[in-house]
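Undergrad: Return atomic coordinates for the entry below.
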Amino acid sequence: MRIVDQQVTPKEKILKKVRQALTFKSKNQFTNIDLDSNIYTQPSSDLSLLEIFAQQFTEAKGEFVHCSSQFDFLDKLITLLEQRKWKHFFCWEHQLQDMLKDTGINFTHKREQLDKVQASITSCEALIARTGTVLVSSTANSRTLTIWPSVHIVIGKRSQLVMEIKDGMQLVKNRYGKNIPSLLSFITGPSRSANIENTMVVGAHGPTEVFVFIIDDTLRE
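TA: Residues are numbered from 1 along each chain as shown. Sure thing, here's the model as predicted:
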């Protein structure tokens with residue numbers, strides 16, 4: 001009687017090695033690894049989170065605008081809209097719509113006209129100072145309005161400024177609890193992409209301009 005050996009598949013070989021590794025565990029030679037300390041160089045203590053964010057964001061080719069109040073923000077936004085003469089300015093968030101209606105700023109929320117969009121405005125979840133990054137979510141903001149228009153305007157508050165990404169994520173957890181948004185996006189300046197010849201293209205996969213208006217909600221009026 002002839003016995004034919006069954007062929008062992010690559011998957012079975014891998015699983016066999018995994019089982020062996022779990023059975024015969026090697027001793028950990030690195031028991032004193034510090035995984036909690038901050039690996040980044042700490043910024044100057046003379047700089048505030050606002051100053052650090054502004055510096056990093058502008059270095060990433062973003063446009064930073066500091067506003068002393070909501071009234072100051074609306075005044076500066078109106079000035080920008082008048083300078084650019086945008087006819088198709090999109091806003092989908094109800095809270096922002098209510099704010100803009102009081103000023104008479106014309107905007108559209110009709111999705112069927114999205115092909116005409118020139119600029120959009122959204123809120124944000126957090127502002128990461130170390131990298132000059134804006135954290136947005138699919139709950140508060142539409143991903144479409146953060147990547148489709150050629151100009152993306154973000155309105156944030158000074159109280160949303162944090163140093164690290166982990167701090168920004170904590171703000172999201174504090175706000176939503178267990179109902180974390182299905183999509184979180186990190187935006188650092190305009191969209192940029194480079195080919196194999198290191199030719200930089202701005203706006204290849206998103207806006208060519210990103211404005212961040214920060215309202216200083218820590219000031220007493």
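Undergrad: Residue 137 reaches residue 171, doesn't it?
TA: No. With contacts counted by C-beta atoms under 8 Å, residue 137 stays clear of residue 171, the gap being 10.5 Å. In this view, the C-beta of every residue, glycine as well, is placed from N, C-alpha and C.
Undergrad: what touches both of these two?
TA: Shared contacts of residue 137 and residue 171, defined by C-beta atoms under 8 Å, 6 or more residues apart in numbering, comprise residue 125.
Undergrad: Compare those two and say which one has the larger neighbour count.
TA: Taking neighbours as other C-beta atoms under 10 Å, residue 137 and residue 171 compare with residue 137 leading, 20 against 17.
Undergrad: Enumerate every residue touching the closest residue to the more buried one other than its chain neighbours.
TA: Closest residue to residue 137 apart from its sequence neighbours, by C-beta to C-beta, 6 or more residues apart in numbering: residue 181 at 3.8 Å. By C-beta under 8 Å, 6+ apart, the residues touching residue 181 are 137-140, 172.
Undergrad: which one of these sits closest to residue 18?
TA: Nearest to residue 18, judged by C-beta to C-beta, of the contacts of residue 181 is residue 172 at 34.9 Å.
Undergrad: tell me the secondary structure for the closest one?
TA: With DSSP: H, G, I helix; E, B strand; the rest coil as the basis, the three-state label of residue 172 is helix.
Undergrad: quick one: the nearest residue to it once chain neighbours are set aside from residue 134, how far?
TA: Computed as C-beta to C-beta, 6+ apart, the closest residue to residue 172 that is not its neighbour in sequence is residue 125, at 5.4 Å. Distance of residue 125 to residue 134, computed by C-beta to C-beta, to the nearest Å: 9 Å.
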